[in-house]
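>>> just need the structure, nothing else, for what follows:
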Amino acid sequence: MNRKMQWLRNKLLSMDLQGMIVSNPVNIRYLTNIQAEGILLVTRKENIFLTDSRYIEDVHNTLTLFDEIVVYDMRGLSIDDYENFFMFCENVGFEENYVTYAKYKEYMHRFKINNFVETENMIEKQRMIKDEEEIESIQKACKVTDDCFEYILGYIKPGMTEKQIAREIDDYYYKNAEGTSFDTIVASGENSSKPHAVPTDRKIQEKDIITIDMGCKIDGYCSDMTRTFFVGEIPEEMKKVYDLVLKNQVQTLNDMREGYSTKMLAKMVDNDFRLNNYDLIHALGHGVGLDIHESPIISTRSENILKENMVVTDEPGIYIAGQFGIRIEDTVLITKGGCEALTKSNKEYVVI
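Below you'll find the model as predicted:
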């Protein structure tokens, strides 16, 4: 049995759960590498993946004998088959933050479950700590992201639209990785004041500010990086804001290490911004993995403690409505004595 499935079985045992239904496809991929539609059943004696005939061949090609996962075509299962999977299981776990109420009732009825128990995001919590293979995939994705940024700086010219630049970034990722890890953000001029701006037909102009937030996937694992740069020259009023954001971004990198409070990290940035009459209007960072946004969240309202081999972002930003915004973001690996920025693109003033 693979290491992650064995961990899950041991965890269920410690929680007095005799089985579990895993239905979140990201958690299924994390545990088994399966990317096909279906659900994973952890029963008293077996690990079972239920899918349909469209995916059987693909699933069998993914799994090995070592995985010890039995695959069934759900179309061939009888009512008795479903009811027997969790026979003699007093408590069965489910993913309460993923399963809808309608699906909850369906599972209870179909599998004849006695006691359906919330599992409190235990798989998502385990995903926060990356193993060597996961870290290597994220490092590769970050390298492609750095290469893309270098490429796009040479590509952008005044007169191009935000949409045109975003399409070029997306094309780069589909040629050099598995595609984008989220919808690429290209925000220029006054559009940069919107943290999650959508690329528009606005054309790049001389003396513009441009914020690009982008990432890609390797082996399913994400990268995430934001850089803000300038066209032609840097307006003086933007330099002060840029310097303040960069100072706090670098200071956060200096402070990140195992054992550090995520709330304290965010409070320090928020306090410095407030001293300068700005606000930290979004989280300072978030976990990165198979999902682009994972636990832990780094914010003034979070109560998490950083641990070795977590991968998180460090992304302070200041936004002045209707004028401009500046955000600088790295994907970061937490270590015992500090951290390592996995995205390494230049963060000093960049003028194209």
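>>> and the residue nearest the centre of this protein?
The chain has residue 292 as the residue nearest its centroid, 2.0 Å off, counting by C-alpha atoms, centre = their mean.
>>> hang on, residue 326 in a strand?
Yes: assignment of residue 326 by DSSP: H, G, I helix; E, B strand; the rest coil places it within a strand.
>>> tell me what it is bridged to.
For residue 326, the beta-bridge partners are residue 318 (DSSP bridges).
>>> quick one: which helix or strand includes the closest residue to residue 291 other than its chain neighbours?
Distances taken as C-beta to C-beta, 6 or more residues apart in numbering place residue 26 nearest to residue 291, at 5.8 Å, with adjacent residues excluded. Using the backbone N, CA and C atoms, a C-beta is placed for each residue, glycine as well. Residue 26 belongs to helix 25-32 when assigned by DSSP states H and E.
>>> direction included, what does the helix or strand following that helix pair up with?
Proceeding C-terminally, helix 25-32 gives way to strand 39-42 as the next helix or strand, assigned by DSSP H and E. Its sheet considered, strand 39-42 pairs with strand 19-22 (antiparallel), strand 47-51 (antiparallel) by DSSP bridges.
>>> count the neighbours of residue 119 for me.
Look at residue 119: counted by other C-beta atoms under 10 Å, it has 22 neighbours.
>>> that one against residue 95, yeah?
Yes: shown here, residue 119 and residue 95 form a contact pair, counting by C-beta atoms under 8 Å, at 6.3 Å.
>>> show me where the stretch 151-300 of the chain has strands.
185-188, 209-214, 217-218, 221-222, 225-230, 285-287, 294-298 (DSSP state E, counting those that start in this stretch).
>>> of all the ones you listed, which one is nearest residue 177?
Closest of the strands of the stretch 151-300 of the chain to residue 177 is strand 217-218, at 5.6 Å (criterion: C-beta to C-beta).
>>> what about that closest one, average pLDDT?
For strand 217-218, the mean per-residue pLDDT is 98.
>>> from the chain's centroid, how far away is that strand?
11 Å (C-alpha atoms, centre = their mean, to the nearest Å).
>>> what helices and strands are in contact with it?
Where contact means 3 or more C-beta pairs under 8 Å, 6 or more residues apart in numbering; DSSP states H and E, strand 217-218 is packed against helix 132-155.
>>> list the buried residues for the helix it packs on?
Within helix 132-155, the residues that qualify as buried are 134-135, 137-146, 148-149, 152-153, counting by 16 or more other C-beta atoms under 10 Å.
>>> just the CA atoms of that helix, as PDB, please.
Extracted C-alpha coordinates of helix 132-155, given in PDB (Å, rounded to 0.1, in the frame of the first residue of the first chain):
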ATOM      1  CA  GLU A 132      10.400  15.500  -1.500                       C
ATOM      2  CA  GLU A 133       8.600  14.600  -4.700                       C
ATOM      3  CA  GLU A 134       5.900  17.200  -4.200                       C
ATOM      4  CA  ILE A 135       8.500  19.900  -3.500                       C
ATOM      5  CA  GLU A 136      10.500  18.900  -6.600                       C
ATOM      6  CA  SER A 137       7.400  19.300  -8.700                       C
ATOM      7  CA  ILE A 138       6.600  22.800  -7.300                       C
ATOM      8  CA  GLN A 139      10.300  23.800  -7.800                       C
ATOM      9  CA  LYS A 140      10.000  22.800 -11.400                       C
ATOM     10  CA  ALA A 141       6.800  24.800 -11.800                       C
ATOM     11  CA  CYS A 142       8.400  27.800 -10.200                       C
ATOM     12  CA  LYS A 143      11.400  27.600 -12.600                       C
ATOM     13  CA  VAL A 144       9.100  27.600 -15.600                       C
ATOM     14  CA  THR A 145       7.300  30.600 -14.100                       C
ATOM     15  CA  ASP A 146      10.600  32.500 -13.700                       C
ATOM     16  CA  ASP A 147      11.500  31.600 -17.300                       C
ATOM     17  CA  CYS A 148       8.100  32.800 -18.500                       C
ATOM     18  CA  PHE A 149       8.500  36.200 -16.700                       C
ATOM     19  CA  GLU A 150      11.900  36.700 -18.400                       C
ATOM     20  CA  TYR A 151      10.300  35.900 -21.700                       C
ATOM     21  CA  ILE A 152       7.200  38.100 -21.300                       C
ATOM     22  CA  LEU A 153       9.300  41.100 -20.300                       C
ATOM     23  CA  GLY A 154      10.900  40.900 -23.800                       C
ATOM     24  CA  TYR A 155       7.600  40.400 -25.400                       C
END
